[in-house]
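>>> I'd like to go over a predicted model; first the sequence, then the structure.
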Amino acid sequence: LVPFVSLYLAIKLLKYKQVESNFIRQGLLIIFFLGLSYHQYTTFHEELEATKSEPVTLVDAIATYSNIPNTNVFVAQFGLSGLLLREFDIQVTPIEIQKELTLEEQITQLLNQKSEPARSDYSGIFEGKNLLLIEAESLNNLAIDPELTPTLYRLKHSGLVVRGYNSPLLPGSTSDTEFMANTSLLPTINGKITFNTYAKNTYPLTLAKVFTENTYFSMASHNNYGIYYNRSEMLPALGYTFYDALGLNAYDNVPDSDVIDHVKWIMYEYEKVFSFWVTYNGHQPYSVDTLSEDMMKYLDIVTKKYPEMPEPERIYFAKNMDLDRGLASLLKDYENNDLLDDLVIIIYGDHFPKGLFENKEDYRTMCETNEIEFEHCFNTPFIIWNNDSIMGYINKVSSPLDIAPTIFDLFNLSYDYKTALGNSVFDPNYNGFNFNEFGVIMTDDFTYDTARQTITHNWEKPEEVYKLEAEALYAKLQLGFKIVETDYFNSLEYKKGQ
């Protein structure tokens, strides 16, 4: 609005000086502002075009401009004038809306396209067992080190790892991953945080509700106060009995190694329990003053092993060592009480650790030493473990949308699959799907950069075919973001199909 207001005030000023009859001067002023706007437009796109040839970065201009992951992030990078410009930018291709259908009708079509899940050799292998589902704050594969975090390393190498899984870093950060994992729905990308704004929506399918229907006690816990991300309202809405820092007697962000002890004792009280725990340790900032006394000792161990590693990243490892020690204590207690075989532990990371590992190439040797493919080294893990189960890995491009359907499959729990956007990673008919904050979508067959409009694939089909498939998936993704925003499951359109 600034150039328009400036133009208006300039013309008023000319009139005040009684030169309103000087149309030439006013015309030149208008031409000047039009020229300025055109120059900004062309300069803008020259800079964006230049970034297309560059590799994706943590602050990626072309991806931010094309997808607006968050209006605050966008304005910080391009300014308010950039946001205004994009609204009228002819080079931005909007997702086509079928004019003959309402948004709710299009969502119905999207969900009705889901095929019935197919069973596999993994279906039902954990039926009747208890589940501890852990959303590990900022945990990535590199942090799973045989010497520093041996318990996580044990779970990974004696459990089942989903290679190709990764959690995107979306506007709602941890809470957005939390939402996807629990509902198999997408959060909103309208600038509002889903947990804060849409807690009163209708959610017919959630992990907690399905487990509760199958006679489990469904609890959620987090070593922070319930007001943070509105968890005290949202998690009960998803069907959980929720324990925040107050409920766990874990005041002032008690370390994970202490909190897991409280979680364990609550779990002991129930014969069948599904426990969802959101950890805290791995959260930024990564400074010495955020470390407990034990973590300071861990920092010394990390420094001894990796003296050249930047301090924030050593602190990150020290924080994860505390989580690791807590898990070791839990496993020992369950084993001593002959309960370990009936416990399933599933761990996934919520997002890439913010502000760390900018120079990834420095860690290539470390990745290879820890038996992690470099392409997956900085991804968030998805680990499934049971003391009495098979071990190995599965290659499947996947996201938090797939966590709930995968759990339902493993525990042989029936659910309305047409209210979920994700799929079980073990479904033989599932071709994989993931997306990230850079506007890149992936399947087992191809990777498509929506901002740069480039595609890499396995060359079994013509590139044009893959591009059409990719664009169709991207359109579905954009439509999926509207489900929560419209409170679709409370709409007349959804109810008439019930």
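Done, it's in. Numbers count the residues shown, from 1 in each chain.
>>> worst-scoring helix or strand of the chain, pLDDT-wise?
Using mean pLDDT, DSSP states H and E, the weakest-scoring helix or strand in the chain turns out to be helix 61-67, at a mean of 64.
>>> and after that one, which helix or strand comes next?
helix 71-87 (DSSP states H and E).
>>> packing partners for that next one?
If you count contacts as 3 or more Cβ pairs under 8 Å, 6 or more residues apart in numbering; DSSP states H and E, helix 71-87 packs onto helix 2-16, helix 23-52, helix 61-67. Bear in mind the C-beta positions are built from the backbone N, C-alpha and C, glycine included.
>>> list the buried residues of it.
Using 16 or more other Cβ atoms under 10 Å as the test for burial, helix 71-87 gives 74, 78, 82, 85-86.
>>> just the residues contacting stretch 226-233, thanks.
172, 174-175, 178, 193, 195-196, 199, 220, 222, 242, 244-246, 278 (Cβ atoms under 8 Å, 6 or more residues apart in numbering).
>>> now the two most distant members of these.
The widest separation within the contacts of stretch 226-233, taken as Cβ to Cβ, falls between 172 and 246 and amounts to 23.1 Å.
>>> more crowded one of these two?
residue 172 (22 against 11; other Cβ atoms under 10 Å).
>>> which residues touch that one?
Neighbour list for residue 172: 179, 187, 193-195, 229 [criterion: Cβ under 8 Å, 6+ apart].
>>> from these, which single one is nearest residue 296?
The closest of these, once distances to residue 296 are taken by Cβ to Cβ, is residue 229, at 28.5 Å.
>>> okay, now the unreliable bits of the stretch 151-300 of the chain?
252-253 (pLDDT under 70).
>>> let's go with 80 and repeat that
The stretch 151-300 of the chain contains residues with pLDDT under 80 at 191, 250-253.
>>> could you check how far residue 353 is from residue 195?
21 Å (Cβ to Cβ, to the nearest Å).
>>> all the strands of this structure, residue numbers only.
Ranges of strands in the chain, per DSSP state E, are 130-136, 160-165, 217-222, 241-243, 273-278, 343-349, 382-386, 392-398, 434-435, 440-442, 446-449, 454-457.
>>> got the CA positions of the fifth one in PDB?
Output of strand 273-278 as PDB, limited to C-alpha atoms (Å, rounded to 0.1, in the frame of the first residue of the first chain):
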ATOM      1  CA  VAL A 273      -2.000 -48.600  27.800                       C
ATOM      2  CA  PHE A 274      -1.100 -46.400  24.900                       C
ATOM      3  CA  SER A 275       1.200 -43.600  26.000                       C
ATOM      4  CA  PHE A 276       2.200 -40.700  23.800                       C
ATOM      5  CA  TRP A 277       5.200 -38.700  25.100                       C
ATOM      6  CA  VAL A 278       6.500 -35.500  23.600                       C
END
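>>> mind listing the strands that strand pairs with, and their directions?
Sheet partners assigned to strand 273-278 using DSSP bridges are listed as strand 130-136 (parallel), strand 217-222 (parallel).
>>> same list (those strands) but as TSV, adding distance to residue 368.
Compiled in TSV, the strands paired with strand 273-278 are given as follows (distance: least, Cβ to Cβ, whole Å):
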stretch	distance to residue 368
strand 130-136	23
strand 217-222	35
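>>> right, so of those strands, which gets closest to residue 153?
strand 130-136 (13.8 Å).
>>> buried ones in the closest one?
Buried residues in strand 130-136, defined by neighbour count with 16+ other Cβ under 10 Å: 130-136.
>>> isn't residue 186 right up against residue 421?
Yes. With contact defined as Cβ atoms under 8 Å, residue 186 and residue 421 form a contacting pair (6.4 Å).
>>> so between these two, which is more surrounded?
In this view residue 186 and residue 421 are compared by other Cβ under 10 Å, and residue 186 has more residues nearby, 26 against 22.
>>> quick one: that one from residue 194, how far?
When distance is defined by Cβ to Cβ, residue 186 is 9 Å away from residue 194.
>>> what touches both of these two?
Jointly contacting residue 186 and residue 194 under the rule Cβ under 8 Å, 6+ apart are residue 484.
>>> what number of residues lie near residue 395?
With other Cβ under 10 Å as criterion, residue 395 counts 12.
>>> for it, which non-adjacent residue is spatially closest?
residue 163 (5.0 Å; Cβ to Cβ, 6 or more residues apart in numbering).
>>> looking at it, the one you found is touching residue 393, isn't it?
Yes. If you go by Cβ under 8 Å, residue 163 and residue 393 touch, sitting 5.4 Å apart.
>>> those two: who's more crowded?
For residue 163 versus residue 393, the count of surrounding residues by other Cβ under 10 Å is larger for residue 163: 19 against 14.
>>> who touches the more buried one in this structure?
Counting by Cβ under 8 Å, 6+ apart, residue 163 touches 373, 376, 393-396.
>>> turn those residues into a markdown table, columns for distance to residue 107.
Putting these into a markdown table (distance: Cβ to Cβ, whole Å) gives the following:
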| residue | distance to residue 107 |
| --- | --- |
| 373 | 37 |
| 376 | 33 |
| 393 | 35 |
| 394 | 30 |
| 395 | 31 |
| 396 | 26 |
